[in-house]
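Q: I would like the atomic coordinates for the input below:
(chains A, B, C and D)
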Protein chains: 4
Amino acid sequence: MSEPKRSDIKRVVLAYSGGLDTSVILKWLQVTYGCEVVTFTADLGQGEELAPARAKAELMGVKAEHIYIDDLREEFVRDFVFPMMRANARYEGDYLLGTSIARPLISKRLIEIARETGADAVAHGATGKGNDQVRFELSAYALEPGIKVIAPWREWDLTSRTALIAWAEAHQIPVPKDKRGESPFSTDANLLHTSSEGKVLEDPWQETPDYVYSRTVNPEDAPDTPEYITIDFAKGDGVALNGEVMSPATLLAALNELGRKHGIGRLDLVENRFVGMKSRGMYETPGGEIYARAHRGIESITLDRGAAHLKDELMPKYAELIYNGFWFSPEREMLQAAIDHSQARVNGTVRLKLYKGNASVVGRRSPDSLYSERHVTFEDDAGAYDQKDAAGFIKLNALRLRLLAQRGH
Amino acid sequence: MSEPKRSDIKRVVLAYSGGLDTSVILKWLQVTYGCEVVTFTADLGQGEELAPARAKAELMGVKAEHIYIDDLREEFVRDFVFPMMRANARYEGDYLLGTSIARPLISKRLIEIARETGADAVAHGATGKGNDQVRFELSAYALEPGIKVIAPWREWDLTSRTALIAWAEAHQIPVPKDKRGESPFSTDANLLHTSSEGKVLEDPWQETPDYVYSRTVNPEDAPDTPEYITIDFAKGDGVALNGEVMSPATLLAALNELGRKHGIGRLDLVENRFVGMKSRGMYETPGGEIYARAHRGIESITLDRGAAHLKDELMPKYAELIYNGFWFSPEREMLQAAIDHSQARVNGTVRLKLYKGNASVVGRRSPDSLYSERHVTFEDDAGAYDQKDAAGFIKLNALRLRLLAQRGH
Amino acid sequence: MSEPKRSDIKRVVLAYSGGLDTSVILKWLQVTYGCEVVTFTADLGQGEELAPARAKAELMGVKAEHIYIDDLREEFVRDFVFPMMRANARYEGDYLLGTSIARPLISKRLIEIARETGADAVAHGATGKGNDQVRFELSAYALEPGIKVIAPWREWDLTSRTALIAWAEAHQIPVPKDKRGESPFSTDANLLHTSSEGKVLEDPWQETPDYVYSRTVNPEDAPDTPEYITIDFAKGDGVALNGEVMSPATLLAALNELGRKHGIGRLDLVENRFVGMKSRGMYETPGGEIYARAHRGIESITLDRGAAHLKDELMPKYAELIYNGFWFSPEREMLQAAIDHSQARVNGTVRLKLYKGNASVVGRRSPDSLYSERHVTFEDDAGAYDQKDAAGFIKLNALRLRLLAQRGH
Amino acid sequence: MSEPKRSDIKRVVLAYSGGLDTSVILKWLQVTYGCEVVTFTADLGQGEELAPARAKAELMGVKAEHIYIDDLREEFVRDFVFPMMRANARYEGDYLLGTSIARPLISKRLIEIARETGADAVAHGATGKGNDQVRFELSAYALEPGIKVIAPWREWDLTSRTALIAWAEAHQIPVPKDKRGESPFSTDANLLHTSSEGKVLEDPWQETPDYVYSRTVNPEDAPDTPEYITIDFAKGDGVALNGEVMSPATLLAALNELGRKHGIGRLDLVENRFVGMKSRGMYETPGGEIYARAHRGIESITLDRGAAHLKDELMPKYAELIYNGFWFSPEREMLQAAIDHSQARVNGTVRLKLYKGNASVVGRRSPDSLYSERHVTFEDDAGAYDQKDAAGFIKLNALRLRLLAQRGH
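A: Predicted structure coming up:
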């Protein structure tokens, strides 16, 4: 499992966005490794035109049958985002894992394409300081243990923007005007979120400038009137918005629009990377934030306490596994099995109020509700609950504490 | 440890609010148990006049030296709320435990007074369906294992409001006019929060009516302009607001004012009670919500990842222990020891933006910051971090996954 | 859910062993409740004749069609013991849960019979101080929420042995001579174990007298020559002994014989009961101890580290749930789903050495082994592992610790 | 934090055993790095003469004042072994962490000596495939973040035994005759244990040959008569054997003798290394095994259930941290704070029976015992416990399960 010798690589599948950086990588792979490049461009709902990626790849000599452009939006939400949401996963208390959850899907497709095209390696454009390299590579190795992985940012010496652009120009890669200067921050986007980090965000004491946000209006500019919506759930997954049945990706897209409008889902966070350093990120997860709150809302009436508390205890580890890149690991799958088991009766409707950055659950109902007005009522409960039982309950719960307090007396 | 015989009780310390219900209990204890009653009324910042409690107790024949009215606000925040906040405790993901955390302090004082006055029992006004009876009694037993506990709501037959009022009038207890009808919901308040439950809140599909809220303005009525504040922390506890040093209770009170003004800290929740049923509650924790977010903010730059993740994993259990009434238990103390150990360097300043229900951390700085711009920068890092190290890091993290994938090949 | 009124009970299913105590209960139910009694006697491998139970029940007037005697041994091992063993469950570090795991099965059958016979209640002979009452009743309520449960030991006033025997004689229940005196301890037995507690065992400083043991020879009397055996596993469950395929109960019975002969599986323990007190018990789990060690042995080469460590972290909670009686709970089922997911490739053979109380794994092999001699060898590994990768692995694992140590410098 | 340039190193502290391998390293450092070498040889109770190490170091030109030979036995047991034993730590269910727990102490002393001698680097003889390199280096970096670490086995090309010996001879390093051939396995020893791995142990199906064991007699050769001992504990640590007060290291050494005699503490294990592969090891931990069982024994009567179960839940993570090398990490220290908090009343005496591989707790007593015969007795308990309390206890524990079962009816 040592580093691949460059001459060993005959064909490599590159995760290709069509942007400047991965275009440089494409060319650099051709030049440095002397190998054939297969490009893979995924539509994960990042909201960019993918057609140009094909043209650029062709221009750099990639064979037509080696240019893959796939719409993965439904698979992304159905098989990755929704399962994760069943766990109420938030990394370090807040982060909804928008970037983390997209990486294993990209790797899965990279490996599938490598098999289809007989490639012996995959390549990605993530740097050596971040989490994404880990996520891409752990997923790739877990799915195809013999695959070779090329991470140009860890290999080449293009360590400054100037060097990169000079190399691009020297190799006839068109450099758009707006890429010539330093971009003030770096972003990643998909149907679940947009993240921004670096440059102007590097001082954690400085407030994130408003121009960094791209997916949500400023809450101050959001409508002055609240909007009420309902989300229906079936077996723990969202299935309808305001009563209208939708596919997973359609539902999330619709929630994104609502979140954008009401300024919901902004998060300014200093987080701990798997590679050992802290970084400051700004996340916008408009639809995801609404969805996450709604999911907790429907669970609150349909999950038993034992199931709910076990889920809460398992969640931090589950979220950490996804953050660290261990989606395709036995322990993530074991936790998923436990979580999924709990969702069989998580059915019903949640009502939310959206208003200037807030997404508040204001109502929930379910044919599978465990909430019993009969038991909880302050009124006469017709014998549903015998208050005298509480005396024995408390006495036996207290017994060990009393024995402790009596010790040595 | 069987139920106390009524004739065994000579003197009982009652947690006495001065309101109708605990006044009825006071008289009922005198009549039923034929015992002397000592009253204890705590100022926990609930915002009510306590002087009338003295007059009422005297009127019902309680000796002057047996009327205790104590201001516990500083002890409450310093020794209970702040330690709990160090853990970032939220029950079932959201609830800041405002009621739960006050109960052990009341029991602690009840037991102290029982010792001072030679009482053999304590009594409280919590019903047999709720969590508070458990919290009061577990704490009392843990501190004084031989104490007797009287919970009139589990004993008497005054099971309707009408019966209670009739009994009051038959025993010359003044019934205020506004207590004659059914109150539309029930509340509990202290410096950390106000909770409301029951009656109009019993249908979890119905939105909480606006008149239920008493501690916060509706976000829609909050100022249209955000307000920025700073909170300073020392060893994990808040010590200053906008640079002004304050005692714990003063700080929380000031944050409550800010939270009230900006409509922060409302929570509508269906939760799982320890006694086995679900209930729907409405909580207002204006200052607590701001404080909790600020605490996570300062931890984000001063806690190491290992410490932070361990805290996140322990938190659900810690919160459950407090919710269930096990503040005075070895396991809560063990978790507290771990948590407190982590807070030694949690020093610095957090900047927050308050706006219409939102309390967002927008900046954090600390002399003990672990955030290293040198490491995280996209620019040249002058050798702080060698990107090539990441290759080995990933390879060894991937090894077990590769072995798994190779199995059987 | 208040205590059933006695006149409400028309027919009750009693967990009936045929012994003196449950015979008294049978009669007491007829006399006190004036109800019809259905008896259920389970063969769980306790090694007693069950035929007499039928005769005794008939003698006390139970209708022939209301006498149930069922051989549950295979169901017990297949659906309860083996799933639990997949988790490597040991309560408080040692106890293999032999009593705890039998209770839910008995309750399951009690409820099935109650449905078949139209009974409105079930009854058991467990006392009010132990765990078994909790286990019986939680299982019964979980399966049939409206069932009534009668626990005579908590109701009647037969609180001494003398009183019980006097009552028996007054009601024409034959009292065997050896039951007239106090038995020196109390036992419970099934195919997995025999437990003994009480009386001569109540002082935890006194060594358990040898006459208490019934399932194992004293290690000092065991053969002087070790015996080697193999156990084969498929999907985490034992399927063969020394190459001979066996059903679950047959396998466990055969291991019991081996364990008995070699003095394996004795455990002298002070444990914490769910009802709040400590008790001292003596357990003999001869086959179970061998099986448990073998299971860990086969997992050691077939489970990935991530799966193995997650299992170890979940185990204490899983064991506690079974001990406390929550077999039929959502959280136990969730944990089981996770555990079972991990067992898909737990196949292979374990070799053990049995010798005077020791059951030691001395070899393990599997077609699904993850052990790689190629990787681990001190010899040349032909490039399987690049030692230089370790440098980067360590560097990034150390990064956060270095940043911590640099803080404030 | 890139690899140190060789010319940067002026002086290095080497963990030096005096054996062939570290002697080669000593010379190799002098030759390759051209730097001064400081040697550090620790007496951790490995049972070898340390005097020859001084002579060899001098022979290779190390200055007398740069030769450190320290007796660390008491510090090792008092500050590392005993704190770990308080946690009942066993990695992967069995391994008592004998090697893992010694490494941080060696690193601590390496760093202290580096500071005293003004060295800029430390070096160790662990290979690139094992856990020890990680443990040494994480500890070193945590204590001195700017230190450089040299791990010759990851750098040099002496990848076969032949090459190593040839290099030694070419550099005038004496090669003992018995080191010329391949040793049949590799060992590590200290006061807590001896581990053996590699070569003849590499096939996990083959039983460990008897000649591998060096610290214990074969149980078959152990005395035919059991031996009874007592160990006294104070605050969770062993303080006396058979009533005789002993220092930590003296106590462990005495237990080692007992364990050796009775064949106690052998363990044949396939374990998961932190670097990602499985390895098969054979451990002998004679005194440690006895001590560990005794510690659980004294806890069984002095720890409350809440504390005991929390410890059991935290243990796997705690053990993993030590195994992986994170002794000097905030999270290990947090867990230690929790564990130590629980030990304040872990006082008393445990009686054990040692016999042919078995170390069985047969009695325990304590002035701080929480075991209450009054509560547990089958006899009349004089009102200590009201069995009727159990009914309410069960009812409320069952409530959520009944609501679950009623759902949808």
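Q: Tell me who's in contact with the residue of chain A found nearest chain D.
A: Closest to chain D within chain A is A:Gly392: 2.6 Å, counting by C-beta to the nearest C-beta. From N, CA and C alone the C-beta is placed, and that goes for glycine too. Taking C-beta atoms under 8 Å, 6 or more residues apart in numbering or on different chains as the criterion, A:Gly392 is in contact with D:386, D:388-393, D:395.
Q: That one: which element?
A: In this structure, A:Gly392 sits in helix A:388-406 according to DSSP states H and E.
Q: same thing with A:Leu269?
A: In this assignment (DSSP H and E), A:Leu269 forms part of strand A:266-272.
Q: And chain D, is that strand touching that?
A: No. Strand A:266-272 stays clear of chain D (C-beta under 8 Å from any C-beta of the partner chain), getting no nearer than 12.0 Å.
Q: for the very next helix or strand once past that strand, which positions count as buried?
A: Using DSSP H and E, the helix or strand that directly follows strand A:266-272 along the chain is strand A:278-284. Judged by neighbour count (16 or more other C-beta atoms under 10 Å in any protein chain shown), strand A:278-284 contains these buried residues: A:278-284.
Q: ditto for stretch A:233-253
A: Neighbour counts over stretch A:233-253 (16+ other C-beta under 10 Å) mark A:233, A:236-239, A:241, A:246, A:248-249, A:251-253 as buried.
Q: How far off centre is that stretch?
A: 18 Å (C-alpha atoms, centre = their mean, to the nearest Å).
Q: start to end distance for stretch A:340-359?
A: Using C-alpha to C-alpha, to the nearest Å, the end-to-end distance of stretch A:340-359 comes to 25 Å.
Q: Could you pull out the buried residues of that stretch?
A: Within stretch A:340-359, the residues scored as buried using 16+ other C-beta under 10 Å are A:340-343, A:345-359.
Q: Next step: the residues you listed restricted to helices.
A: Among the buried residues of stretch A:340-359, the ones falling in helices (DSSP state H) are A:340-342.
Q: what about A:Val13, which SS state?
A: Here A:Val13 is recorded as strand under DSSP: H, G, I helix; E, B strand; the rest coil.
Q: What is the neighbour count of it?
A: The tally of other residues near A:Val13 (other C-beta atoms under 10 Å in any protein chain shown) stands at 29.
Q: for A:Gly181, same thing?
A: Residues near A:Gly181, counting by other C-beta under 10 Å, number 9.
Q: Of all residues in chain A, which one is nearest the centre?
A: Central residue of chain A (C-alpha atoms, centre = their mean): A:Gly98, 2.4 Å from the mean position.
Q: With adjacent residues omitted, what lies nearest to that one?
A: Nearest non-adjacent residue to A:Gly98, counting by C-beta to C-beta, 6 or more residues apart in numbering or on different chains: A:His193, 2.8 Å away.
Q: got it, and A:Gln46?
A: With sequence-adjacent residues excluded and distances taken as C-beta to C-beta, 6+ apart, A:Gln46 is closest to A:Ala189, at 4.2 Å.
Q: that older thread, am I right that the residue nearest to the centre of chain A sits in a helix?
A: No. Judged by three-state DSSP, A:Gly98 forms no part of a helix; its state is coil.
Q: and the lowest-mean-pLDDT helix or strand in chain A, how far from the chain's centre?
A: The weakest-scoring helix or strand in chain A, judged by mean pLDDT, DSSP states H and E, is helix A:373-376 (a mean of 84). A distance of 39 Å separates the centroid of the chain from that of helix A:373-376, by C-alpha atoms, centre = their mean.
Q: Next: stretch A:267-285.
A: 13 Å.
Q: Distance across it, terminal residue to terminal residue?
A: By C-alpha to C-alpha, the extent of stretch A:267-285 from end to end equals 8 Å.
Q: now the strands: where do they sit in the stretch 1-150 of chain A?
A: A:11-15, A:36-43, A:67-71, A:121-123, A:148-150 (DSSP state E, counting those that start in this stretch).
Q: what sits against the residue nearest to A:Gly125 when sequence neighbours are not counted?
A: Of all residues not flanking A:Gly125 in the chain, A:Thr22 sits nearest, at 4.7 Å (C-beta to C-beta, 6+ apart). Contact analysis of A:Thr22 by C-beta under 8 Å, 6+ apart lists A:14-16, A:125.
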